[in-house]
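Engineer: Next input, structure requested:
(chains A and B)
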Amino acid sequence: MVRQSTTLVWLFLMAATIATTWWLSKDGFSARVGTVAIFAIAAFKVRLVLLHFMELKQAPRPWRLIFEAWVLLATAAIVGIYLSTPPLAA
Amino acid sequence: MATVREDAEAARRLPGVEGVWVFIAADMCFFALLFVSFMLGRQEATPVFEASRQTLDINFGGINTLILLTSSWCVVLAVEAVKRDALARVPHLIAGAFLLGVAFMVSKALEYGGKIKAGISMLTNDFYMYYYTLTGLHLLHVLAGNILLIVLWKQARARRFSRGNCVVLECGASYWHMVDLLWIVLFPLLYLLR
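Structural biologist: Residues are numbered from 1 along each chain as shown, chains lettered A, B, ... in the order given. The predicted structure is shown next:
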């Protein structure tokens, strides 16, 4: 069971990577929508790696919280600065 | 009720040793500062950053992400195999992870080669300064990870790991997942953010 669940996580990570790289990055999406979606997905992917691959899901809670906070802060900082940067005239 | 909760809390366990996690946390914070620094640099010179970004090949970045994710997954399977006493599988899985790590380095070398051939260096502009610094630092982590995987492979072949003795493997695995995780952020930051 455990083995199957990490394999499912891996399949999801691969699918999410393909979607962000070869679909969300294209011009069919506005730069802002595409970029914010890409970083939301990246944050989710990082969290999956932390919880399932690095086994923080079963770790003492303070350790899990430290790393979950990293995901939140790093993503918020990147997306925050991105949104506060005036977009280029298209 | 209290004892049930305490038992559940006591059953929680960090893989490997705490020291490795302290290192991982510190390393991740260092990279987070570089991410922020990159974003602030981009804010100062958005047109240059965007024009330079468009010269990057997202196929390299995307394929490299798939390579590292799969390499990480091999290591996950190796740790799980040790815990299920399927020890014969462990060296193969670690070897798979290592070969994918090497594939990442080869792909990076090809990418750098193309850029250098086109006359693009660290000094070209601020974007490329970040590009070479961030991907270069990450590549050093991949190199260290690959060396680590060779050591783990040798130990796995000598059947050094078992259900009750896999702390070293877990430490290596946690580090290797961090290398994967950092690339999951670095790739969209440099290649996709528009």
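Engineer: Pull up the gap between residue A:50 and chain B, please.
Structural biologist: From residue A:50 across to chain B, the span is 7 Å (C-beta to the nearest C-beta, to the nearest Å). No exception for glycine: its C-beta is placed from N, CA and C like everyone else's.
Engineer: So what's the residue count around that residue?
Structural biologist: 22 (other C-beta atoms under 10 Å in any protein chain shown).
Engineer: Would you agree it is in contact with residue A:67?
Structural biologist: Yes - under the criterion of C-beta atoms under 8 Å, residue A:50 makes contact with residue A:67 at 5.0 Å.
Engineer: who touches both of these two?
Structural biologist: Both residue A:50 and residue A:67 are contacted by residue A:56, under the criterion C-beta atoms under 8 Å, 6 or more residues apart in numbering or on different chains.
Engineer: Tell me which helix or strand comes right after the helix or strand harbouring residue B:142.
Structural biologist: If you go by DSSP states H and E, residue B:142 is part of helix B:126-157. For helix B:126-157, the following helix or strand on the C-terminal side (DSSP H and E) is helix B:167-187.
Engineer: Low-confidence stretches in the chain?
Structural biologist: Reading this off chain A. For chain A, the stretches with pLDDT under 70 are A:1-3, A:89-90.
Engineer: look at chain B instead
Structural biologist: Low-confidence segments of chain B (pLDDT under 70): B:1-10.
Engineer: Identify the residue of it closest to chain A, quick one.
Structural biologist: Here chain B gets closest to chain A at one residue, residue B:62, 3.4 Å apart by C-beta to the nearest C-beta.
Engineer: list the helices and strands the host helix or strand of that residue packs on?
Structural biologist: Residue B:62 is located in helix B:58-83, with elements delineated by DSSP H and E. Judged by 3 or more C-beta pairs under 8 Å, 6 or more residues apart in numbering or on different chains; DSSP states H and E, helix B:58-83 is in contact with helix A:2-19, helix B:90-117, helix B:126-157, helix B:167-187.
Engineer: So which of those helices is the most surrounded?
Structural biologist: Most buried of those by mean neighbour count (mean count of other C-beta atoms under 10 Å in any protein chain shown) is helix B:167-187; its value is a mean of 24.
Engineer: ok now stretch B:26-46, how far from the chain's centre?
Structural biologist: 18 Å (C-alpha atoms, centre = their mean, to the nearest Å).
Engineer: Other residues contacting that stretch?
Structural biologist: A:67, A:70, A:73-74, A:77-78, A:81-82, A:84-86, A:88, B:49, B:125-127, B:130, B:133-134, B:137, B:141, B:178, B:181-182, B:185-186, B:189-190, B:193.
Engineer: same deal with stretch A:73-85?
Structural biologist: With C-beta under 8 Å, 6+ apart as the test, stretch A:73-85 has contacts from A:32, A:35-36, A:39-40, A:42-43, B:32, B:35-36, B:39-40, B:42-43, B:46, B:185, B:189, B:193.
Engineer: same thing but at 7 Å, please
Structural biologist: Residues from elsewhere that reach stretch A:73-85 (C-beta atoms under 7 Å, 6 or more residues apart in numbering or on different chains): A:35-36, A:39, A:43, B:32, B:35-36, B:39-40, B:42-43, B:46, B:185, B:189, B:193.
Engineer: any idea how far residue A:8 lies from residue B:32?
Structural biologist: 28 Å (C-beta to C-beta, to the nearest Å).
Engineer: Then residue B:142?
Structural biologist: 19 Å.
Engineer: circling back to that earlier point, show me which residues of the helix holding residue B:62 are buried.
Structural biologist: Neighbour-count burial for helix B:58-83, counted by 16 or more other C-beta atoms under 10 Å in any protein chain shown, picks out B:58, B:60-83.
Engineer: Residue numbers of chain B in contact with chain A?
Structural biologist: Within chain B, the positions near chain A by C-beta under 7 Å from any C-beta of the partner chain are B:12-15, B:21, B:25, B:28, B:32, B:35-36, B:39-40, B:42-43, B:46-47, B:50, B:58, B:62, B:65-66, B:69, B:72-73, B:76, B:80, B:174, B:177, B:180-181, B:184-185, B:188-189, B:192-194.
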